[in-house]
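Participant: requesting a structural model of the entry that follows:
(2 chains)
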Amino acid sequence: MGLDFTVVPAHLDIILLGCLWTIAIAVAAAVLSFFGGIVFAVIALYGPWFIRLPFRLIEWVFMGTPLLLQLFLIYFGLVQIGIDLPAFVAGIIGLGLHFAVYNSELIQTAILSVDKGQMEAARTVGLSRGQALRKVVIPQAVRDVIPPIGNNMIALLKDSALVSVIGVSELTLSAQRAIGATYRPFEFYLVAAAFYYVINLGMEWAQRRIERRISISR
Amino acid sequence: MTDQSHFVEIRHAQKSYGTLEVLKDISLNVERGQIVAIIGPSGSGKSTLLRAVNDLDSLTGGEVWLDGVQVNKDLPHRQYEKHINAMRQDIGMVFQHFNLFPHLTARENVVMAPKMLKGLSKEDANKLAEEQLEKVGMLDRIDYYPSRLSGGQKQRVAIARALAMKPKLMLFDEATSALDPELVDEVNMVMKKLAEEHMTMIIVTHEMDFAASVCDRVLFMDQGVVVEEGPPEIVFKNPTKDRTREFLRKHLAGAA
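Facilitator: Model prediction:
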């Protein structure tokens, strides 16, 4: 029994719907991980100890444990303390915070490597430290860190397949459903892989566009 | 209401890093509209003194006053931050390495602080940017990013940025030291123009000719103390101290 892709078109609708979910979750989690990464970085560098230390713990949990376990904790664990999140929201939060921690590491390094004179110049015109960070230091740090963050975002897209285990009908789970109906795992997993690849290309294209826009000011 | 009578007054400024004393009891008065140059070898403490005026480097002892208000007031942290941010709006500063914001155009560099701190409207901000950049001869580069400007052009934009806050006092920390020789003049011209408008300025410089031509008073510092102070004709032509003479001989020989 060889490969037979003729079974695919009949199930293309759920595959495409799965793509949309994957894209929606990846984009939402990417945005969360980007802004979360900035917030985490600022807290790690400038926060008072009583905020910094709890964040260190969160950081450790997100870096030191499997993402799959984190998704279970957020989706199944939080219910026990009365926080009942829809699966896709739990997935976005899990993926977003997980990658926010990695982005934060990059952004911290970038903030520290912005020339000290930038902060000084901003302070001498009367900006507070917070204003100087927001308007002068962080925009420059973020600009430097777009390419490595882009790599994290591609990892995020791929790891978004994990949210299938908490029941979000994204691309991987949709492929599994199609397989359940047809007993054609090879065909549908290949189709899913092809769609992941296409979405990835789209993300790379978006990243290149952002980088090009930024490079105008260099 | 105030116990001081000079526009800028530095009283017994003292600064040490551990056991290293970089400023040893320095006092300096500057009157409104006056231009004072601080010269001296590197490591003499001249930049530290200048940076103490707007508290970029905090003194370990002594006071700085501007127009009847103490700059380095002893206040609780939060109140002090508010106070110093307000004071710094009145004190423009120009750095050796320009420190323009590279992610902003010349226009945005100039108007960022006025927009944020004084709540300027878009039209007023644009007018301000044009006005200030015209003053430094950079109107034709108003929408350029710093990366496309020469050193001299960058420094002129940096001066416009400082002037946009309408400061009472301008500090120049070796504003031309990082420039190629042929670009020094354009920056000096702008500074001369400010002098003609009676801007009060304190200038740390290595350029003796420029100091001699625009300044009302020259301070020669060495090893954290003011060795000699007076009008440029005296300090440059007839210095009374050996250390001043030695320094000037080296410097003027280098320039010749």
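Participant: assign a three-state SS to B:Pro41, would you?
Facilitator: Secondary structure, DSSP: H, G, I helix; E, B strand; the rest coil: B:Pro41 is coil.
Participant: buried stuff in the helix or strand containing B:Ser47?
Facilitator: Using DSSP states H and E, B:Ser47 sits in helix B:46-53. Judged by neighbour count (16 or more other Cβ atoms under 10 Å in any protein chain shown), helix B:46-53 contains these buried residues: B:46-53. Quick note: C-beta positions are derived from backbone N, CA and C, even for glycine.
Participant: cool, stretch A:48-67 as well?
Facilitator: For stretch A:48-67, burial by neighbour count (16+ other Cβ under 10 Å) applies to A:55, A:59, A:62, A:67.
Participant: over to the residue nearest to the last one when sequence neighbours are not counted: give its phi and psi.
Facilitator: Taking Cβ to Cβ, 6 or more residues apart in numbering or on different chains, and ignoring the residues beside it in sequence, A:Leu67 has A:His98 as its nearest neighbour in space, at 5.3 Å. Summarising the backbone geometry of A:His98 under the convention degrees, to the nearest 10, its torsions are phi -60, psi -50.
Participant: A:His98: neighbour count?
Facilitator: When neighbours are counted by other Cβ atoms under 10 Å in any protein chain shown, A:His98 registers 28.
Participant: you'd agree it is up against A:Phe62?
Facilitator: Yes. Under the criterion of Cβ atoms under 8 Å, A:His98 makes contact with A:Phe62 at 5.1 Å.
Participant: overlap in contacts, those two.
Facilitator: Residues touching both A:His98 and A:Phe62 by Cβ atoms under 8 Å, 6 or more residues apart in numbering or on different chains: A:Gln70.
Participant: can you give me the buried ones in the helix of greatest length in chain A?
Facilitator: The residue-count maximum for a helix in chain A (DSSP state H) belongs to helix A:8-46. For helix A:8-46, a neighbour-count test (16+ other Cβ under 10 Å) marks A:8, A:11, A:14-15, A:18-19, A:21-23, A:25-30, A:32-34, A:36-38, A:40-44 as buried.
Participant: quick one: average pLDDT of that helix?
Facilitator: Taken as a whole, helix A:8-46 carries a mean pLDDT of 94.
Participant: next: stretch B:35-48.
Facilitator: 93.
Participant: briefly note if that stretch comes near chain A.
Facilitator: No. Shown here: stretch B:35-48 not in contact with chain A (Cβ under 8 Å from any Cβ of the partner chain), separated by at least 12.0 Å.
Participant: tell me how far that stretch is from the chain's mean position?
Facilitator: Computed by Cα atoms, centre = their mean, to the nearest Å, the chain-centroid distance of stretch B:35-48 equals 11 Å.
Participant: and stretch B:123-131, by the same measure?
Facilitator: Here stretch B:123-131 is found 24 Å from its chain centre; the criterion is Cα atoms, centre = their mean.
Participant: got it, and stretch A:133-151?
Facilitator: On Cα atoms, centre = their mean, the centre of stretch A:133-151 falls 16 Å from the chain's centre.
Participant: now do the buried residues in that stretch.
Facilitator: Within stretch A:133-151, the residues scored as buried using 16+ other Cβ under 10 Å are A:133-146, A:148-150.
Participant: contacting residues for the residue nearest the centre of chain A?
Facilitator: In chain A, the centroid-proximal residue (Cα atoms, centre = their mean) is A:Ala30; its distance is 3.4 Å. Residues near A:Ala30 by Cβ under 8 Å, 6+ apart: A:96, A:99, A:153, A:156.
Participant: how about JSON lines for the residues you listed, with neighbour count, distance to chain B and secondary structure added?
Facilitator: Converted to JSON lines, the contacts of A:Ala30 look like this (neighbours: other Cβ atoms under 10 Å in any protein chain shown; distance: Cβ to the nearest Cβ, whole Å; DSSP: H, G, I helix; E, B strand; the rest coil):
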{"residue": "A:Gly96", "neighbour count": "22", "distance to chain B": "26", "secondary structure": "helix"}
{"residue": "A:Phe99", "neighbour count": "25", "distance to chain B": "24", "secondary structure": "helix"}
{"residue": "A:Met153", "neighbour count": "24", "distance to chain B": "21", "secondary structure": "helix"}
{"residue": "A:Leu156", "neighbour count": "25", "distance to chain B": "26", "secondary structure": "helix"}
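Participant: got a pLDDT number for the residue of the stretch 101-250 of chain B found nearest chain A?
Facilitator: Closest to chain A within the stretch 101-250 of chain B is B:Ala113: 3.8 Å, counting by Cβ to the nearest Cβ. According to the prediction, B:Ala113 has pLDDT 95.
Participant: how many neighbouring residues does the closest residue in space to it that isn't next to it in sequence have?
Facilitator: Spatial nearest neighbour of B:Ala113, excluding adjacent residues (Cβ to Cβ, 6+ apart): A:Val125 at 3.8 Å. Using other Cβ under 10 Å, A:Val125 is surrounded by 27 other residues.
Participant: show me what from chain A comes close to chain B.
Facilitator: For chain A, the contact set with chain B under Cβ under 8 Å from any Cβ comprises A:115, A:117-118, A:120-129, A:131, A:135-136, A:139-140, A:143, A:216-218.
Participant: and those, which of them are buried?
Facilitator: Buried among the residues of chain A next to chain B by 16+ other Cβ under 10 Å: A:118, A:120-128, A:131, A:135-136, A:139-140, A:143, A:217.
Participant: show me the helices in the stretch 1-150 of chain B, by range?
Facilitator: Secondary structure of the stretch 1-150 of chain B (DSSP state H, counting those that start in this stretch): helices at B:46-53, B:77-89, B:106-118, B:122-135.
Participant: out of these, which is closest to A:Val89?
Facilitator: Nearest to A:Val89, of all these, is helix B:106-118, at 35.5 Å by Cβ to Cβ.
Participant: any buried residues in that closest one, and which?
Facilitator: Result for helix B:106-118 [16+ other Cβ under 10 Å]: buried residues B:106-118.
Participant: export it as CSV, just CAs?
Facilitator: Output of helix B:106-118 as CSV, limited to C-alpha atoms (Å, rounded to 0.1, in the frame of the first residue of the first chain):
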residue,chain,number,x,y,z
ALA,B,106,17.6,64.8,13.6
ARG,B,107,14.1,66.2,13.9
GLU,B,108,13.0,63.5,16.4
ASN,B,109,16.3,63.9,18.4
VAL,B,110,15.6,67.5,18.9
VAL,B,111,11.9,67.3,19.8
MET,B,112,11.7,64.1,21.8
ALA,B,113,12.3,65.7,25.2
PRO,B,114,10.2,68.8,24.6
LYS,B,115,7.4,66.7,23.4
MET,B,116,7.5,64.3,26.3
LEU,B,117,8.2,66.8,29.0
LYS,B,118,6.5,70.0,27.9
